[in-house]
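Engineer: Give me coordinates for this.
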Amino acid sequence: MNSDKKPIAAWLLICCALVFAMVVVGGVTRLTDSGLSIVEWQPLIGTIPPITQEDWDELLEKYRSSPQYQQINKGMSVDEFKTIFWWEYFHRLLGRLIGLVFFIPFIYFLVTKKIDKPLGYKLAGIFVLGGLQGFMGWYMVMSGLVDNPRVSQYRLTAHLGLAFIIFAALFWVALGILSPNANTAAANQNTDTLKGLRRFAYGLSWLIFIMVLSGGFVAGIRAGLAYNTFPLMNGHLVPPDLFVLEPWYRNFFENMTTVQFNHRMIAWVLIFSVPLLWFKAIFKSSLPGTTRLACHAFLLMLAVQVSLGITTLLHAVPINLGATHQGGAVLLFAASLWVSHQFRKPG
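Structural biologist: As a prediction, the model looks like this:
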């Protein structure tokens, strides 16, 4: 690795850590129903928190016009409002912080010519994604400020998915800087073996991303509050009400039974597939130490995340477990990306 680019890799990994924190705080915001407590989008003015009692009274008065207050929290006191307000405030503040932590060093590295053109285009693309994410967050909140006191599960899932895309882009570019060339030992493997492992690893990374999207729908319609049993769903291997909605495709996004069933099925595929990849990589090939370490981390993180998922389900999604499970999804995704990066094509 070029030593001049070490600071760039460190900066990108710090951004990854902040995105991870953002996802966890976003999970808490969702689980505490705090996301609709701020009914305006003020990217600059909204950075200043309420200080005086008049500030709080004004914010609460604006919140009283929202469907969430009218239908769920009617009569909420200022002290009760503060609890949900601070979670949403810190969620938005963290988003602004990520933008600054990315943008300021980016400009510095550009001015000092530490970033070449190919890397500059990649980083500029990530910055655009960050701006789009800010808009998507507000677009999601808007869906809960009209009639329905909850945000659209479609917009919530898009917001969550975009966060994972940004994390993946940051992490992948950082890995490329830290390990610019494919491992020689991996490149010298039997070509068919390496191709097979590469396809397998890439496929699992995509499957985990799809599982994240399915988790967004689980969260969006609160499907985790149904069928709090495992491994069966209230005694059923396949629940009888999978396709009660018409047209049939609505069930995949709006039926609590189908949404949770899909999430479980993807988890089962991973439970069998990730150990298979690990076995093939460790025992059926001769790979360098870093690649083997990545495979070990992937398997370990799967075990942790599956355990978290089951525990969260059995306890009907308490806030601490729900947020931890959401954070675990980021770490599992990161582990899969690390493995995929290790198996990438030379050059």
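
Engineer: Please count neighbours and contacts with C-alpha atoms only from this point.
Structural biologist: Fine.

Engineer: what's the burial count for residue 237?
Structural biologist: 11 (other C-alpha atoms under 10 Å).

Engineer: mind listing what it touches?
Structural biologist: Listed by C-alpha atoms under 8 Å, 6 or more residues apart in numbering, residue 237 has no contact partners.

Engineer: can you rerun that using 10 Å?
Structural biologist: 230, 231, 261 (C-alpha atoms under 10 Å, 6 or more residues apart in numbering).

Engineer: State the mean pLDDT of the one helix or strand residue 270 maps to.
Structural biologist: Using DSSP states H and E, residue 270 sits in helix 256-283. For helix 256-283, mean pLDDT rounds to 97.

Engineer: same question, stretch 71-87
Structural biologist: Throughout stretch 71-87, pLDDT has a mean value of 94.

Engineer: Report how far apart the opening and closing residues of that stretch are.
Structural biologist: End-to-end distance of stretch 71-87: 21 Å, with C-alpha to C-alpha, to the nearest Å as the criterion.

Engineer: before we move on, the earlier item: buried residues of the helix or strand that comes right after the helix holding residue 270, list them for me.
Structural biologist: Sequence-wise, the next helix or strand downstream of helix 256-283 (DSSP H and E) is helix 289-314. Buried positions in helix 289-314, judged by neighbour count with 16 or more other C-alpha atoms under 10 Å: 291-292, 294-299, 301-306, 308-314.

Engineer: Phi first, then psi, for residue 149.
Structural biologist: Note on residue 149: its backbone torsions stand at phi -80, psi 10 [degrees, to the nearest 10].

Engineer: Any idea how many residues pack against it?
Structural biologist: Quick note: residue 149 (other C-alpha under 10 Å) scores 18 neighbours.

Engineer: ok, it touching residue 65?
Structural biologist: No: when contacts are counted by C-alpha atoms under 10 Å, residue 149 is not listed as touching residue 65 (11.2 Å).

Engineer: Based on its surroundings, how many neighbours for residue 48?
Structural biologist: So residue 48, with other C-alpha under 10 Å, has 10 neighbours.

Engineer: How about the contacts made by the closest residue to residue 25 other than its chain neighbours?
Structural biologist: Nearest non-adjacent residue to residue 25, counting by C-alpha to C-alpha, 6 or more residues apart in numbering: residue 91, 6.1 Å away. Residue 91 makes contacts with 21-29, 34-35, 85, 97, as judged by C-alpha under 10 Å, 6+ apart.

Engineer: what comes up buried for the helix or strand hosting residue 91?
Structural biologist: Element membership for residue 91, per DSSP H and E: helix 78-111. Residues of helix 78-111 classed as buried by neighbour count (16+ other C-alpha under 10 Å): 81-82, 84-96, 98-99, 101-102, 106, 109.

Engineer: quick one on the thing from earlier: other SSEs contacting the helix holding residue 270?
Structural biologist: In terms of contacts (3 or more C-alpha pairs under 10 Å, 6 or more residues apart in numbering; DSSP states H and E), helix 256-283 is packed against helix 191-220, helix 251-254, helix 289-314.

Engineer: Which SSE is immediately downstream of the last one?
Structural biologist: If I follow you right, that is helix 289-314. Using DSSP H and E, the helix or strand that directly follows helix 289-314 along the chain is helix 319-342.

Engineer: Check the offset of that next one from the chain's centre.
Structural biologist: 8 Å (C-alpha atoms, centre = their mean, to the nearest Å).

Engineer: name the helices or strands packed onto that helix?
Structural biologist: By 3+ C-alpha pairs under 10 Å, 6+ apart, helix 319-342 packs against helix 6-31, helix 153-178, helix 191-220, helix 289-314.

Engineer: Mind putting these into a markdown table with distance to residue 119?
Structural biologist: Output for those, formatted as a markdown table (distance: least, C-alpha to C-alpha, whole Å):
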| stretch | distance to residue 119 |
| --- | --- |
| helix 6-31 | 10 |
| helix 153-178 | 8 |
| helix 191-220 | 22 |
| helix 289-314 | 24 |
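
Engineer: residues near residue 44, how many?
Structural biologist: With other C-alpha under 10 Å as criterion, residue 44 counts 8.

Engineer: List the contacts of it.
Structural biologist: With C-alpha under 10 Å, 6+ apart, residue 44 has these contacts: residue 96.

Engineer: Can you check the pLDDT for it?
Structural biologist: Here, the pLDDT recorded for residue 44 equals 71.

Engineer: And for residue 2?
Structural biologist: With respect to pLDDT, residue 2 scores 58.

Engineer: Residue 195 too?
Structural biologist: pLDDT at residue 195 comes out at 87.
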